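Participant: Here's my sequence, what's the structure:
(one chain, ligands or ions: 1)
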Amino acid sequence: MNSKPNIRSFDLDELSRFFVKNGEKSYRAKQVYEWLWKKNARSFEEMTNLSKNLRLFLDNHFSIPHIKIKKFQHSIDGTIKNAIGLQDDLVVESVLIPAKKRTTACVSSQVGCSLDCHFCATARLKRMRNLTPDEIVDQVIEADKQSCDYYGHSLTNIVFMGMGEPLLNYDNVMRAVEKITSDKALGMAARRITISTSGIPKNIRRMADENAKVGLAVSLHSAIDDIRTQIMPVNKRQGGLKELLSALQYWYNKTKRKITFEYLVFKGINDDEQSIKALVDYAKKVPSKVNLIEYNPIDASDRFQQADAHILEAYKTALNNAGIVATLRKSKGQDIDAACGQLANKFE
Ligand code: SAH
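Facilitator: Alright, predicted model coming up:
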């Protein structure tokens with residue numbers, strides 16, 4: 001690893017202070033910031049509106065690290081999966097999902113994951129570390145480039161549904177969101193970003209208090225405590241469904257933005273009448289919609305199986321009858337293990 005500090009880990013104020021302390025005008029910091037975040041410069045040499053001396057000075061003090069794409073896979077349905085090499089050679093994955101008029105980047109927030117959701121491939125990798133803000137932003141920069149190259153238009157949406165639990169890397173994820181949305185950096189609209197969480201009530205409240213403009217998705221998968229805890233042990237650790245609901249109501253009251261519940265239906269686990277009723281009752285308590293997502297098997301020894309189609313229809317009907325929008329979503333990129341819950345650095 002490079003021992004010079006990473007200049008991309010400083011925000012504009014910090015850079016300005018550094019410049020002033022070293023006898024430079026503070027607007028120089030703005031210029032450098034723009035090179036780094038708007039023009040995506042990879043070296044100080046490129047920063048041609050700075051004097052040669054200043055470029056040399058910066059080069060002696062800082063590095064400009066960037067993620068590296070180690071492996072690129074293209075699915076038959078157009079989905080792209082990247083294995084991404086980080087500054088310390090650890091690897092995460094990111095996915096790019098094309099639809100008719102939009103392209104969604106699915107980005108990772110941690111290397112591995114500390115949660116132990118039994119149906120998720122990433123859970124098998126222990127959590128190694130949090131991603132830094134620039135490692136998160138870099139995934140978006142690369143995805144945008146790929147979207148332009150392969151689909152002919154810029155990236156339109158970003159979901160934090162890759163590896164890791166974004167709300168357990170709160171500060172870095174929010175710093176990344178700031179860079180993605182700031183007009184001094186990438187300048188994308190915050191409403192095009194969705195944070196997906198297994199439900200960390202304290203940080204859902206914090207995000208509401210800090211007036212984050214992003215969308216919120218919650219991986220629910222059961223509205224019955226015992227069942228949810230059985231498949232997602234984090235449920236119990238975070239105080240159960242009641243605690244989660246209260247944080248979600250808090251979020252809605254502050255932001256007036258609906259919550260999206262992500263919901264998998266498994267054979268023999270949550271494919272019964274009682275589970276359907278519990279979900280309807282739960283979703284009625286906070287303005288929300290439900291995405292019934294398709295289960296992507298993680299390996300041959302899998303003990304989970306997708307429920308039958310008529311059960312999914314029964315969920316949809318019950319939700320619709322209660323006035324809740326529910327959609328059945330097909331996964332993409334299964335042939336390259338790029339679908340939800342399949343990110344597990346298998347290429348290693
Ligand atoms: N930790 C965050 C984001 C990563 S998971 C969260 O829990 O939301 C992204 C989504 O994929 C979640 O809704 C998760 O429950 C779902 N998922 C995990 N494993 C899956 C699998 N095998 N098939 C389909 N979806 C899965």
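Participant: Tell me where the stretch 201-348 of the chain is predicted with low confidence.
Facilitator: 300-301, 346-348 (pLDDT under 70).
Participant: Excluding sequence neighbours, find me the nearest residue to the residue of it found nearest the ligand.
Facilitator: Distances between the stretch 201-348 of the chain and the ligand by Cβ to the nearest ligand atom are smallest at residue 341, namely 1.9 Å. For the C-beta atoms, the positions are set from N, CA and C on the backbone; glycine is no exception. In this structure, residue 341 finds its nearest non-sequential neighbour in residue 120, 4.4 Å apart by Cβ to Cβ, 6 or more residues apart in numbering.
Participant: Distance of residue 99 relative to the ligand?
Facilitator: Separation of residue 99 from the ligand (Cβ to the nearest ligand atom, to the nearest Å): 17 Å.
Participant: Count residues in the vicinity of that residue, would you?
Facilitator: 12 (other Cβ atoms under 10 Å).
Participant: and the stretch 1-150 of the chain, which residues reach the ligand?
Facilitator: Taking Cβ under 6 Å from any ligand atom as the criterion, the stretch 1-150 of the chain approaches the ligand at residues 119, 120.
Participant: And the strands in the stretch 1-150 of the chain?
Facilitator: 68-74, 80-85, 91-98, 103-106, 110-111, 129-130 (DSSP state E, counting those that start in this stretch).
Participant: circling back: what is the neighbour count of the residue nearest to residue 341?
Facilitator: Around residue 120 there are 24 residues (other Cβ under 10 Å).
Participant: go on, residue 3?
Facilitator: 5.
Participant: Please report how far it lies from the ligand.
Facilitator: In this view, residue 3 and the ligand are 33 Å apart by Cβ to the nearest ligand atom.
Participant: And the helices in the stretch 51-200 of the chain, which stretches?
Facilitator: Counting by DSSP state H, counting those that start in this stretch, the stretch 51-200 of the chain has these helices, from start to end: 52-61, 133-146, 170-181.
Participant: Can you name every helix or strand that the shortest one contacts?
Facilitator: Where contact means 3 or more Cβ pairs under 8 Å, 6 or more residues apart in numbering; DSSP states H and E, helix 52-61 is not packed against any helix or strand.
Participant: one step back: who's in contact with the residue nearest to residue 341?
Facilitator: The contact partners of residue 120, taken as Cβ atoms under 8 Å, 6 or more residues apart in numbering, are 113, 298, 341.
Participant: about what we covered before: so the residue of the stretch 201-348 of the chain closest to the ligand, which state does it fall into?
Facilitator: In three-state terms, and counting by DSSP: H, G, I helix; E, B strand; the rest coil, residue 341 is coil.
Participant: May I have the phi/psi pair for it?
Facilitator: Taking degrees, to the nearest 10, you get phi 80, psi 0 for the backbone angles of residue 341.
Participant: Equivalent analysis for residue 11, please.
Facilitator: phi -90, psi 180.
Participant: Distance of it relative to residue 226?
Facilitator: Per Cβ to Cβ, to the nearest Å, residue 11 is found 45 Å from residue 226.
Participant: and the stretch 151-300 of the chain, which of its residues are near the ligand?
Facilitator: Checking the stretch 151-300 of the chain against the ligand by Cβ under 6 Å from any ligand atom, the hits are 161, 165, 196, 197, 198, 219, 262, 264, 293, 295, 296, 298.
Participant: Could you export those as CSV, including distance to residue 278 and neighbour count?
Facilitator: Shown next, in CSV, are these (distance: Cβ to Cβ, whole Å; neighbours: other Cβ atoms under 10 Å):
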residue, distance to residue 278, neighbour count
161, 24, 25
165, 24, 26
196, 21, 21
197, 20, 25
198, 18, 24
219, 16, 25
262, 16, 19
264, 15, 25
293, 18, 22
295, 19, 20
296, 24, 22
298, 25, 20
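Participant: Of the residues you listed, just say which sits nearest to residue 335.
Facilitator: Nearest to residue 335 among these: residue 296, at 10.9 Å, using Cβ to Cβ.
Participant: How many neighbouring residues does the closest residue to the closest one other than its chain neighbours have?
Facilitator: Sequence neighbours aside, residue 339 is the residue nearest to residue 296 in space, at 4.1 Å (criterion: Cβ to Cβ, 6+ apart). Using other Cβ under 10 Å, residue 339 has 26 neighbouring residues.
Participant: quick one: contacts for residue 339?
Facilitator: 294, 296, 331, 332, 333.
Participant: Measure how buried the closest residue to residue 83 other than its chain neighbours is and give me the count.
Facilitator: The shortest distance from residue 83 to any non-neighbouring residue, by Cβ to Cβ, 6+ apart, is to residue 71 (3.9 Å). Residue 71: 14 surrounding residues under other Cβ under 10 Å.
Participant: Also residue 192?
Facilitator: 18.
Participant: any idea how far it lies from residue 117?
Facilitator: For residue 192, the distance to residue 117 (Cβ to Cβ) stands at 26 Å.
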